[in-house]
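Colleague: need a 3D model of the sequence below.
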Amino acid sequence: MNLKNVILGIAIMILTIFVAFYGINTVFPKSAYEDFCPNYAKPYPIDTGTREVCPAVCVPVYKIDRDQCVYDECGSGCGPDSSSTFETLNECEQGIYDFKCYERYDSASKDRARKVFFLALPLGILIIAIGAFAFGLEYVGAGLMAGGVGTLIYGSGAYWPYTENWIRFSLSLLGLVILVWLTYFFNKRFGKIKKR
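Modeller: Next up, the predicted model:
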């Protein structure tokens with residue numbers, strides 16, 4: 001394979017990934033936070049797990065307790081944080097609204113990621129198979145196969161954060177088995193496996 005063919009193969013790979021990416025996003029467009037919370041454009045802050053050390057003094061705050069705002073005369077010494085404690089009742093009620101918006105947005109994002117995954121997985125395998133079996137020009141087939149791998153990565157990456165480890169393991173194992181089988185079948189069909 002000469003340099004021109006390598007470059008053409010890389011170009012085919014990139015364009016295959018673009019076609020798959022934008023095609024999937026056309027079928028399943030990304031959710032916009034503003035669609036769920038039209039009155040508030042900033043996503044609800046996520047708790048990073050780090051805790052601030054607060055002085056042992058009483059600060060009156062409103063805090064969210066079971067989807068209701070409760071006044072606490074002796075709240076945390078850190079005072080209002082605009083995430084779980086607030087200075088006024090109105091800010092607290094806005095915080096509940098923002099949190100519910102975020103929950104709906106997150107649920108829609110998770111649902112979309114699942115759909116993208118289940119569309120991208122067979123599409124990526126199909127693109128790899130087409131690249132392996134349908135094209136006599138090696139660089140075209142190689143470019144399509146690499147684009148199929150990119151499509152698999154995109155689809156898996158969309159859903160990966162929402163899955164359990166056992167699902168990740170199962171899907172990775174299934175993908176590996178399919179890829180090894182395709183490789184073996186492709187090489188056997190075209191006589192590229194060396195017989196001993």
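
Colleague: tell me, how many residues neighbour residue 95?
Modeller: By other Cβ atoms under 10 Å, 24 other residues sit near residue 95. Quick note: C-beta positions are derived from backbone N, CA and C, even for glycine.

Colleague: lowest average confidence, helix or strand, in the protein?
Modeller: Lowest by mean pLDDT, DSSP states H and E among the helices and strands of the chain is helix 165-189, with a mean of 78.

Colleague: what distance do you get for residue 171 to residue 118?
Modeller: Look at residue 171 and residue 118: by Cβ to Cβ, to the nearest Å, they are 11 Å apart.

Colleague: which of those two has more neighbours?
Modeller: Ranked by neighbour count (other Cβ under 10 Å), residue 171 and residue 118 place residue 171 first, with 17 against 12.

Colleague: ok, the more buried one - contacts?
Modeller: Taking Cβ atoms under 8 Å, 6 or more residues apart in numbering as the criterion, residue 171 is in contact with 121, 156, 163.

Colleague: closest to residue 106 among these?
Modeller: Taking Cβ to Cβ as the measure, residue 106 lies nearest residue 163 of these, at 14.9 Å.

Colleague: pLDDT score for that closest one?
Modeller: pLDDT, residue 163: 82.

Colleague: report the contact partners of it.
Modeller: Going by Cβ under 8 Å, 6+ apart, residue 163 touches residue 171.

Colleague: give me phi/psi at it?
Modeller: When read as degrees, to the nearest 10, the backbone of residue 163 gives phi -100, psi 160.

Colleague: next one: residue 7
Modeller: Dihedral angles of residue 7 (phi, psi; degrees, to the nearest 10) stand at phi -60, psi -40.

Colleague: okay, now it: neighbour count?
Modeller: Using other Cβ under 10 Å, residue 7 has 12 other residues around it.

Colleague: state the distance from it to residue 21.
Modeller: Residue 7 is 21 Å from residue 21, by Cβ to Cβ.

Colleague: ok, residue 150 next?
Modeller: As judged by Cβ to Cβ, residue 150 and residue 21 stand 8 Å apart.

Colleague: more neighbours: which of the two?
Modeller: Neighbours per residue (other Cβ under 10 Å) separate residue 150 from residue 21, with residue 150 holding more: 20 against 16.

Colleague: contact partners for the closest residue to the more buried one other than its chain neighbours?
Modeller: Distance criterion Cβ to Cβ, 6 or more residues apart in numbering; nearest residue to residue 150, sequence neighbours excluded, is residue 17 at 3.8 Å. By Cβ under 8 Å, 6+ apart, residue 17 lies in contact with 147, 150-151, 154.
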